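Trainee: pasting the sequence and the predicted coordinates here, then a few questions.
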Amino acid sequence: MLKFVIFSFFFIFVVPLVAMEADKPILYSKKGCKWCEKVFSEVKNLSALVEIRDAGDPEHAKELVCIGGKFQVPCLVVNKTALYESSCIIEHLNHSTSMK
């Protein structure tokens, strides 16, 4: 597995490069997050559209911060770009679905 190293002022992160190269969009979420639940309930067949990653997992949390610069869920990563607001995520996913 390819990896790259990210240096910050306090930490050094080694993050799998595969996380940034996925064909499918990646949705970072966390159990108990009402905004994440809103996305899950609004978008039908969510697991068919995106890869879902639990931001409660330390490795996924590191990926999320490296990609978007902050730990905030829900976060949809599309083409290495982070999209944060649940309503924007829902709109994007529904629009993507309607175009297929």
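Mentor: Here it is on my side, so go on. Residues are numbered from 1 along each chain as shown.

Trainee: distance from the lengthiest helix in the chain to the middle of the chain?
Mentor: Criterion DSSP state H: the longest helix present in the chain is helix 86-98. What separates the centre of helix 86-98 from the centre of its chain is 14 Å, taken as Cα atoms, centre = their mean, to the nearest Å.

Trainee: can you check stretch 44-64 too?
Mentor: 5 Å.

Trainee: and it, average pLDDT?
Mentor: The pLDDT scores in stretch 44-64 average 90.

Trainee: distance between the ends of it?
Mentor: Across stretch 44-64, the terminal residues are separated by 24 Å (Cα to Cα, to the nearest Å).

Trainee: what's the closest non-adjacent residue to residue 65?
Mentor: In space, and not counting its chain neighbours, residue 65 is closest to residue 71: 5.4 Å by Cβ to Cβ, 6 or more residues apart in numbering. Placement of C-beta: from N, CA and C, glycine included.

Trainee: show me where the protein has helices.
Mentor: 18-21, 34-42, 46-49, 58-68, 86-98.

Trainee: and of the ones you listed, who's closest to residue 80?
Mentor: Taking Cβ to Cβ, helix 18-21 is the member of the helices of the chain nearest to residue 80, at 5.9 Å.

Trainee: so in the chain, where's the weakest helix or strand by average pLDDT?
Mentor: helix 18-21 (a mean of 44; mean pLDDT, DSSP states H and E).

Trainee: which of the helices of the chain sits most buried?
Mentor: helix 58-68 (a mean of 18; mean count of other Cβ atoms under 10 Å).

Trainee: for that one, packing partners?
Mentor: Contact here means 3 or more Cβ pairs under 8 Å, 6 or more residues apart in numbering; DSSP states H and E; on that basis helix 58-68 packs against strand 12-16, helix 18-21, strand 26-29, strand 51-54, strand 75-78.

Trainee: circling back: and residue 77, which of the helices of the chain is closest to it?
Mentor: Closest among these, once you apply Cβ to Cβ, is helix 58-68, at 5.5 Å.
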